[in-house]
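> My questions concern the predicted model and sequence given below.
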2 protein chains.
Amino acid sequence: MDALDYRALASSPLFQGIGEEELQVLIEGKDCSIRRYHRDGIIAFRGDRYDELWILIDGRLRAEFHSHRGKVLKVESLKAHEVVASSVLFAEKPYFPVTLIAEEDSKICAISRNSVLKLLQKDERILRNYLRDTGDRLSLLAEKINMLQFTTIREKIAHYLLDEGQRQESDSPRLSYSMEVLSELFGVTRPALSREFSHLCEDGIIGREGHIVHFLDREALEEIIDSP
Amino acid sequence: MDALDYRALASSPLFQGIGEEELQVLIEGKDCSIRRYHRDGIIAFRGDRYDELWILIDGRLRAEFHSHRGKVLKVESLKAHEVVASSVLFAEKPYFPVTLIAEEDSKICAISRNSVLKLLQKDERILRNYLRDTGDRLSLLAEKINMLQFTTIREKIAHYLLDEGQRQESDSPRLSYSMEVLSELFGVTRPALSREFSHLCEDGIIGREGHIVHFLDREALEEIIDSP
């Protein structure tokens, strides 16, 4: 690993709060290697064992479900510095739940399970970061299942906004996910999502100011998901 | 907490490998309390903050999604000694992803987030157990999403069995989930699941010996999910 690799690694949410030099000292002597993958290459198949923690230090990955029938369902994108399948590493059956594909030429830092365990025990910040990462992923998956009860994008947006409003106890909640994550959560394209947000604004049901959404007509918003 | 509480707690997967007396020493001085809930009581609403780790030491809980339309979707059951929402505790937004209801009179041991963090750092066994628990839950959720592409129970069973066969590289795979967990995974009742397993046996497609399933007619099994 060279200096650029350490810089990229230090940008990972797993090492948030830890500088490049400190990270280098923490990582040195650990079982850790760099792998490169070409665009469109399959990095792991669903069902493959996962025995090392992978951190994407450059490029972009796509997680998909491939059915036995050949149907493909895109699950999520992973951007540079994200951690791959953190929660799977210590599962009783540590198998990839999805197939991983390189969307661009990509570079991964792989740290052995035992070395990860040592890092978690040695540094409270890494432990907290790791647990936050797995927790966030599970929340997103649970939300995804919850979303499946709705069919139209309009319904999904209405449900999500009312949920955020309830959670934040406000009629002007802040969107806690980016448009990119939201479109993945809803299983729709970004343009389609933006279009429906615009329609809701044009209809006078909501107003948007950056990440803040104002409920202009709460009743209409509730009717979207209340109609049979 | 009394001796019986410690005994129950020691049976939790979180403290696997740790005896009652050792556990008592580890827990003493930690921020930890016992709560009691009556049958059918709502323990937490979806969206409530989760700031303590809950371990069910007696009784039974049910996790549900309640839509704004009032539709109820049962997600899972939690039995005595199981850990509640381990992955959520350290998420950036530590909110319950589901509503929790007591199916029977229940007793919970609540340990504060900071005390959990201290236990994880102090004892490698607890750390491993905790990470395994969150990992197993995420795998199950991912599997659940994957299952949603299939409509009939027969398709779900066929897909699951072929998956297990592939993972175990065997035409006589071992079921890695109990019938109870499988029925939750498929979103069907246990009797309906058992009935369909029996049908597959009667049709000569599979044979069952306890937890082992033999593929008697692999082609027929594949056809179940290959048919349009």
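Everything's here; your move.
> where do the strands sit along chain A?
A:32-37, A:42-44, A:52-58, A:60-66, A:72-79, A:83-84, A:99-102, A:106-112, A:206-209, A:212-215 (DSSP state E).
> What pairs with the first one, parallel or antiparallel?
Looking back up the chat, that one is strand A:32-37. strand A:106-112 (antiparallel) (DSSP bridges).
> Okay, angle between the partner strand and strand A:52-58 too, please.
150 degrees (axes from the mean of the first three to the mean of the last three CA atoms, to 10 degrees).
> Residue A:11 touches residue A:81, doesn't it?
Yes: applying CB atoms under 8 Å, one finds residue A:11 in contact with residue A:81, separated by 4.5 Å. C-beta coordinates here come from the backbone N, C-alpha and C atoms, glycine included.
> Compare the two (neighbour count), which wins?
The neighbour comparison of residue A:11 against residue A:81 (other CB atoms under 10 Å in any protein chain shown) goes to residue A:81, with 18 against 15.
> pLDDT score for the more buried one?
If you check residue A:81, the pLDDT there is 94.
> how near is it to residue A:133?
In this view, residue A:81 and residue A:133 are 11 Å apart by CB to CB, to the nearest Å.
> Mind listing the shared neighbours of those two?
residue A:13 (CB atoms under 8 Å, 6 or more residues apart in numbering or on different chains).
> Please name the residues that touch the residue nearest the centre of chain A.
Here the mean C-alpha position of chain A is nearest to the C-alpha of residue A:137 (CA atoms, centre = their mean), at a distance of 6.1 Å. By CB under 8 Å, 6+ apart, the contact list for residue A:137 reads A:86-87, B:87, B:138.
> Residue A:92 now?
By CB under 8 Å, 6+ apart, the contact list for residue A:92 reads B:132, B:135-136.
> quick check, nearest of the contacts of residue A:137 to residue A:74?
Nearest to residue A:74 among the contacts of residue A:137: residue B:138, at 18.3 Å, using CB to CB.
> Give me the pLDDT value at the closest one.
On pLDDT, residue B:138 comes in at 85.
> Could you do residue A:216 as well?
If you check residue A:216, the pLDDT there is 95.
> same check, this time on residue A:93
Looking at residue A:93, its pLDDT stands at 86.
> for chain A, which spans come out with low pLDDT?
A:67-71, A:227-228 (pLDDT under 70).
> max-length helix in it?
Identified as the longest helix of chain A according to DSSP state H is helix A:124-147.
> Kindly export it (C-alpha atoms) in PDB.
The C-alpha coordinates for helix A:124-147 follow below in PDB (Å, rounded to 0.1, in the frame of the first residue of the first chain):
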ATOM      1  CA  GLU A 124     -13.100   2.700  19.900                       C
ATOM      2  CA  ARG A 125     -13.600   5.100  16.900                       C
ATOM      3  CA  ILE A 126     -13.200   2.200  14.400                       C
ATOM      4  CA  LEU A 127     -15.600   0.100  16.500                       C
ATOM      5  CA  ARG A 128     -18.300   2.900  16.500                       C
ATOM      6  CA  ASN A 129     -17.800   3.600  12.800                       C
ATOM      7  CA  TYR A 130     -18.100  -0.100  12.000                       C
ATOM      8  CA  LEU A 131     -21.300  -0.600  14.100                       C
ATOM      9  CA  ARG A 132     -22.800   2.600  12.600                       C
ATOM     10  CA  ASP A 133     -22.100   1.400   9.100                       C
ATOM     11  CA  THR A 134     -23.800  -2.000   9.600                       C
ATOM     12  CA  GLY A 135     -26.700  -0.300  11.400                       C
ATOM     13  CA  ASP A 136     -27.300   2.200   8.600                       C
ATOM     14  CA  ARG A 137     -27.300  -0.600   6.000                       C
ATOM     15  CA  LEU A 138     -29.800  -2.600   8.000                       C
ATOM     16  CA  SER A 139     -32.100   0.400   8.500                       C
ATOM     17  CA  LEU A 140     -32.000   1.000   4.700                       C
ATOM     18  CA  LEU A 141     -32.800  -2.600   3.900                       C
ATOM     19  CA  ALA A 142     -35.700  -2.600   6.400                       C
ATOM     20  CA  GLU A 143     -37.000   0.600   4.800                       C
ATOM     21  CA  LYS A 144     -36.700  -1.000   1.400                       C
ATOM     22  CA  ILE A 145     -39.000  -3.900   2.500                       C
ATOM     23  CA  ASN A 146     -41.400  -1.400   3.900                       C
ATOM     24  CA  MET A 147     -41.500   0.500   0.600                       C
END
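> Could you tell me the angle between it and strand A:52-58?
Angle of helix A:124-147 versus strand A:52-58, following the same axes, to 10 degrees, is 90 degrees.
> Now helix A:124-147: buried residues?
For helix A:124-147, burial by neighbour count (16 or more other CB atoms under 10 Å in any protein chain shown) applies to A:126-146.
> one step back: and the contacts of residue A:137, which is closest to residue B:185?
Among those, residue B:138 lies closest to residue B:185 (CB to CB), at 13.4 Å.
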